[in-house]
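Colleague: How does the following fold in three dimensions:
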Amino acid sequence: MASLNDALESVRDESDQTLHVVNISGGKDSAALAVYIRTKYPEIHACAEYVFCDTDCELEETYEYLETLEDYLGKSIRRLNAITLLDIRNKPDRNPFDIILKEKFGGYLPSPRSRWCTRALKIEPFEDFIGQRQAYSYIGIRADENRDGYVAKKPPSLSNMQNIIPVYPFKDDGMGLVDIKMLLESNGVGLPSYYEWRSRSGCYFCFYQQIGEWQRLKKNHPDLFDKAKEYERLSDGFTWCEGRTLDEIAELPEQPLPILDESQGCAICHL
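Modeller: All right, here's what the predicted structure looks like:
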């Protein structure tokens, strides 16, 4: 782990070849981090690479939000994709999740107890992009939250690789939830529109969704809800929402949305 001062010293040292990478998830915290770096740390922004690990299973609202963020940053957000690790051509009908689900996991869907999707679709493409280069990885963990993320009992990090050094600007500068919301609103970026019916970023079939979110996925994206149901049909009894099929969830009275708090999800996907 490095401090913001360490990162700034690296930027100012013209002989230092360390990469500076800001990880964008499509969620509010990582978007606020990008805005924060652009506004408060222009030296880092000037040399930083902004990256988004695209699962090809994102909501259309996420892609729209990335475009809004790119306009604000004045920089493109590099899309990383697990398809590049599978040694096959990238075609519109080829989805890395489907290929990995079938070929590596025998149709066994990911779950809170087996988050292979995080490793295969997010972490491995990121590590492949960095390779053996030294890199500072900027992560949007706030000062007012405490979650394990992918690496248990350590500050949330995108990788265990020793050459990828996490930096937590919000923690260093004492930025909390109120601060990051104000930052997004005051700079005209705002929150992702999916927060109107969903509490977190991530794939449309994310198993961390609660019943009310699944119900609203059906309402807002019935085609994606049907795709998620098809995965269940092919999974030999395994369901996205433990103990209930999506058909059963669709028949329940509409449940309230959870509070906008992603601390119970996966830090890698939901920052």
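
Colleague: Would you map the helices across the stretch 151-271 of the chain?
Modeller: 169-173, 177-186, 211-220, 222-233, 246-251, 267-270 (DSSP state H, counting those that start in this stretch).

Colleague: Packed most tightly, which of the ones you listed would that be?
Modeller: The highest mean neighbour count among these, using mean count of other Cβ atoms under 10 Å, belongs to helix 267-270: a mean of 24. Every residue, glycine included, has its C-beta placed from N, CA and C.

Colleague: need the helices of the stretch 151-271 of the chain in a markdown table with mean pLDDT and distance to L8, can you?
Modeller: Output for these, formatted as a markdown table (pLDDT from 0 to 100; distance: least, Cβ to Cβ, whole Å):
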| stretch | mean pLDDT | distance to L8 |
| --- | --- | --- |
| helix 169-173 | 95 | 11 |
| helix 177-186 | 96 | 20 |
| helix 211-220 | 96 | 39 |
| helix 222-233 | 95 | 42 |
| helix 246-251 | 96 | 48 |
| helix 267-270 | 62 | 24 |
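
Colleague: so which of the ones you listed gets nearest G74?
Modeller: helix 177-186 (16.8 Å; Cβ to Cβ).

Colleague: in the helix or strand hosting A7, what's buried?
Modeller: Per DSSP states H and E, A7 falls inside helix 4-12. Using 16 or more other Cβ atoms under 10 Å as the test for burial, helix 4-12 gives 4, 7, 10-11.

Colleague: Residues contacting that helix, please?
Modeller: Defining contact as Cβ atoms under 8 Å, 6 or more residues apart in numbering, one finds that helix 4-12 is touched by 16, 18, 20, 41, 43-44, 47, 136, 138, 167, 169, 172-173.

Colleague: Rounded mean pLDDT for it, please.
Modeller: If you average the pLDDT over helix 4-12, you get 94.

Colleague: Next secondary structure element downstream of that helix?
Modeller: Downstream of helix 4-12 (by DSSP H and E), the next one is strand 19-24.

Colleague: same for that next one, what does it pack against?
Modeller: Judged by 3 or more Cβ pairs under 8 Å, 6 or more residues apart in numbering; DSSP states H and E, the packing partners of strand 19-24 are helix 4-12, helix 28-40, strand 49-53, helix 124-130, strand 135-138.

Colleague: Reformat these into TSV and put distance to L109 next to each item.
Modeller: TSV is the format used below for those (distance: least, Cβ to Cβ, whole Å):
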stretch	distance to L109
helix 4-12	38
helix 28-40	26
strand 49-53	19
helix 124-130	18
strand 135-138	29
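
Colleague: if we compare the ones you listed, which one ends up closest to D223?
Modeller: For D223, the closest of those is strand 49-53, at 22.7 Å, according to Cβ to Cβ.

Colleague: circling back: out of the helices of the stretch 151-271 of the chain, flag the one nearest C53.
Modeller: The closest of the helices of the stretch 151-271 of the chain to C53 is helix 267-270. By Cβ to Cβ, the value is 8.5 Å.

Colleague: Show me where this protein dips below the pLDDT cut-off.
Modeller: Residue ranges of the chain with pLDDT under 70: 90-92, 146-157, 260-268, 270-271.

Colleague: In CSV, could you pull the C-alpha coordinates for stretch 18-35?
Modeller: Presented in CSV, the C-alpha positions along stretch 18-35 are these (Å, rounded to 0.1, in the frame of the first residue of the first chain):
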residue,chain,number,x,y,z
THR,A,18,5.7,3.6,-12.6
LEU,A,19,2.2,3.4,-14.1
HIS,A,20,-0.7,5.2,-12.5
VAL,A,21,-4.0,3.4,-13.0
VAL,A,22,-7.4,4.6,-11.9
ASN,A,23,-9.9,1.7,-11.7
ILE,A,24,-13.4,2.5,-12.8
SER,A,25,-16.2,0.0,-11.9
GLY,A,26,-19.2,2.0,-13.2
GLY,A,27,-20.2,2.7,-9.6
LYS,A,28,-20.4,6.0,-7.7
ASP,A,29,-17.2,5.7,-5.7
SER,A,30,-14.8,5.0,-8.5
ALA,A,31,-16.5,7.7,-10.6
ALA,A,32,-16.0,10.1,-7.8
LEU,A,33,-12.4,9.1,-7.4
ALA,A,34,-11.8,9.9,-11.1
VAL,A,35,-13.4,13.3,-10.7
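
Colleague: Fine by me, we can end here.
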